[in-house]
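[1] Mind looking at a prediction? Sequence and model below.
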Amino acid sequence: MFDVFALGPTGWGDEMLMGAVMTVLVSTSSLLLGITIGIVFAACKLSNFFILRAIAEVYTTIIRGIPELLVIYLLFFGGSSAVMYLAKIFGYMGYIELNAFTIGTIAVGAISGAYSTEVIRGAVNSVPKGQFEVGKTLGLSGYSLYIKIIFPQVARIALPGIGNVWQITLKDTALISVTGLVEIMRQSRIAAGSTHEPFIFYTAAIILYLLITRLSNIFFDSAEKKYSKGYVSKDAL
Amino acid sequence: MRLDLMYESFFKIVEGVPLTLQVVSISTILGIFLAVAVALMRISGSKLMSLPAYYFVYLIRGTPLLLQLYFVYYGLSQFEFIRESILWPLLKEPYWCGIITLTISTGAYSSEIIRGGILSVSKNYIEASGALGLSQAKTFILVTLPITVRQALPAYGNELILMVKASSLISIVTLMEITGIARTIISKTYAPVEIFLVAGSIYLVINFIIVIFVNLAERRLGIEKAT
């Protein structure tokens, strides 16, 4: 029963593991893109300009209100032409095709960006007002105030929330399989189709996802512990 | 932007709305029963009950819904004994596989919401109803449950929206709901942006209506909005 998972050309073991590596890679790059988007849009949401707040509000409402699959279809079918359109403005006339990894990263990154925006906005809001005031009193410019005083605290408070976003992002990458990127989901479909053993390959895929979830939980827990040094936990108060 | 195409495809995509709503409401209703059962198992205090419930929730929340759908639709049908069982008429239909998968998924997620709601009921209320001579079952139905509903409703509203979004996945097993139709039109017309806007707006309207209803229910139950 398990010889279908043999490593090398006789089995699917190494292919499935490569699929897991691809899932981790695309999830990680999507999360990083998502956090970057999240920082920008959280800044928009907290800004004094109505237009910026409105743009950020529209973005998070749309992404959180429509299915992820639609976003992926939009970028899968429209991504390359959008990039070519932009390239034309800059004078490049050639044909550009985005690969499945890039499309997947942009799509899932845009989705996880909306969730990150809320997490980061909440974290900035929960930094005590006094911290901003003290920074200003010390004569710090807006830039140093945010980079040196606010950002480290935001990072600490946002960490558990980012852990949740990671979980959502990881699961959303399974949807990229419809664009042909060979990650866990796609690989187990291919293997299931060619061996006529769907049950065992989908079970293997389930185990791989649970394993990644477990390992990332351990990572986020230890990171949380590390950055909470010197803080009294709420439970202890 | 091709407005005529958007106008035309709107009427085609809207035809998928009944299927989306049907699948969402059937699985939501079935899912509530599953969720209450799982939540009660989790807080039962006996390891024999709470551990299976814990692992069930862990399994469902830790894996992608698409994988669960493939597992039910393709994975289970591999076995002879399932193809010969009385469940086969259900399991061979993508429609029922979609409903089963969505029910299990929302059951797991909502059980956590319900569990949180039950645990938030103050011990004093339980003791008070005991002192008034109510039986355990009566205490649960008359005291714990109404408070749980109040506590859990805001989070459950989010779960409903997640369900509407999740239902789009059944288009992958050939069901022609909103996303399925949208995808077909995109691959025919190659106008992803226009179709995305149309299908996306339909989803936003559905979710907006859900938010309005949940808010009405919250007001009726006297839940104060946390601002």
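    Noted; the coordinates are in hand. All values reported here derive from a predicted model rather than from experimental measurement.
[2] Check the separation of the first and last residues in stretch B:37-52.
    12 Å (C-alpha to C-alpha, to the nearest Å).
[3] excluding its backbone neighbours, what's nearest residue B:36?
    residue B:114 (6.0 Å; C-beta to C-beta, 6 or more residues apart in numbering or on different chains). C-beta coordinates here come from the backbone N, C-alpha and C atoms, glycine included.
[4] That neighbour: how many residues sit nearby?
    The number of residues packed near residue B:114 is 25, by other C-beta atoms under 10 Å in any protein chain shown.
[5] ok, it - contacts?
    Residues near residue B:114 by C-beta atoms under 8 Å, 6 or more residues apart in numbering or on different chains: B:35-36, B:39, B:148, B:152.
[6] State the pLDDT value of it.
    Listed pLDDT for residue B:114 reads 94.
[7] chain center to the helix or strand containing it: distance?
    Per DSSP states H and E: residue B:114 is located in helix B:94-119. From the chain centre to the centre of helix B:94-119 is a distance of 6 Å (C-alpha atoms, centre = their mean, to the nearest Å).
[8] what about residue A:24, distance to residue B:72?
    As judged by C-beta to C-beta, to the nearest Å, residue A:24 and residue B:72 stand 26 Å apart.
[9] quick one, which of the two is more surrounded?
    Using other C-beta under 10 Å, the more surrounded residue of residue A:24 and residue B:72 is residue B:72, with 21 against 18.
[10] Report the mean confidence score over the helix ranked longest in chain A.
    Longest helix of chain A, by residue count under DSSP state H: helix A:13-46. Average pLDDT, helix A:13-46: 94.
[11] which helices and strands sit right next to it?
    Judged by 3 or more C-beta pairs under 8 Å, 6 or more residues apart in numbering or on different chains; DSSP states H and E, helix A:13-46 is in contact with helix A:50-65, helix A:100-125, helix A:151-172, helix A:184-195, helix A:198-227.
[12] want to try CSV for those helices, with mean neighbour count and mean pLDDT as columns?
    Output for the helices and strands packed on helix A:13-46, formatted as CSV (neighbours: other C-beta atoms under 10 Å in any protein chain shown; pLDDT from 0 to 100):
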stretch, mean neighbour count, mean pLDDT
helix A:50-65, 16, 94
helix A:100-125, 23, 94
helix A:151-172, 19, 93
helix A:184-195, 21, 92
helix A:198-227, 17, 93
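[13] got a markdown table for these, with distance to chain B too?
    What follows is the helices and strands packed on helix A:13-46, written out as a markdown table (distance: least, C-beta to the nearest C-beta, whole Å):
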| stretch | distance to chain B |
| --- | --- |
| helix A:50-65 | 5 |
| helix A:100-125 | 10 |
| helix A:151-172 | 4 |
| helix A:184-195 | 6 |
| helix A:198-227 | 4 |
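[14] Out of those helices, flag the one nearest residue B:7.
    Among the helices and strands packed on helix A:13-46, the nearest to residue B:7 by C-beta to C-beta is helix A:50-65 (20.9 Å).
[15] Return the alpha-carbon coordinates of that closest one using PDB.
    Extracted in PDB, the C-alpha atoms of helix A:50-65 (Å, rounded to 0.1, in the frame of the first residue of the first chain):
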ATOM      1  CA  PHE A  50     -10.600  60.600   3.700                       C
ATOM      2  CA  ILE A  51      -9.600  59.400   0.300                       C
ATOM      3  CA  LEU A  52      -6.900  57.100   1.600                       C
ATOM      4  CA  ARG A  53      -9.200  55.700   4.300                       C
ATOM      5  CA  ALA A  54     -11.900  55.100   1.700                       C
ATOM      6  CA  ILE A  55      -9.600  53.300  -0.700                       C
ATOM      7  CA  ALA A  56      -8.400  51.000   2.100                       C
ATOM      8  CA  GLU A  57     -11.900  50.400   3.300                       C
ATOM      9  CA  VAL A  58     -13.100  49.400  -0.200                       C
ATOM     10  CA  TYR A  59     -10.100  47.100  -0.600                       C
ATOM     11  CA  THR A  60     -10.600  45.200   2.600                       C
ATOM     12  CA  THR A  61     -14.400  45.000   2.200                       C
ATOM     13  CA  ILE A  62     -14.100  43.600  -1.400                       C
ATOM     14  CA  ILE A  63     -11.500  41.100  -0.500                       C
ATOM     15  CA  ARG A  64     -13.300  39.900   2.600                       C
ATOM     16  CA  GLY A  65     -16.700  39.800   0.900                       C
END
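[16] Pull the residues that contact stretch B:4-22.
    B:164, B:167-168, B:175-182, B:185, B:189, B:191, B:194-195, B:197-199, B:202, B:206.
[17] Which of these fall within helices?
    Those of the contacts of stretch B:4-22 mapping onto helices are B:164, B:178-182, B:185, B:189, B:194-195, B:197-199, B:202, B:206, per DSSP H.
[18] Can you classify residue A:139 as helix, strand or coil?
    coil (DSSP: H, G, I helix; E, B strand; the rest coil).
[19] give me phi/psi at it?
    Torsion angles at residue A:139 (phi, psi; degrees, to the nearest 10) stand at phi 80, psi 20.
[20] Over to residue B:63?
    phi -120, psi 150.
[21] per-residue confidence at it?
    Reading off the model, residue B:63 has pLDDT 95.
[22] likewise residue A:95?
    Per-residue confidence (pLDDT) for residue A:95: 79.
[23] what about it, which SS state?
    Look at residue A:95: counting by three-state DSSP, its state is coil.
[24] who's in contact with it?
    Residue A:95 neighbours (C-beta under 8 Å, 6+ apart): residue A:84.
[25] Of all the helices and strands packed on helix A:13-46, which one comes closest to residue B:156?
    helix A:50-65 (16.2 Å).
[26] helices or strands next to that closest one in the packing?
    In terms of contacts (3+ C-beta pairs under 8 Å, 6+ apart), helix A:50-65 is packed against helix A:13-46, helix A:100-125, helix B:145-166, helix B:192-220.
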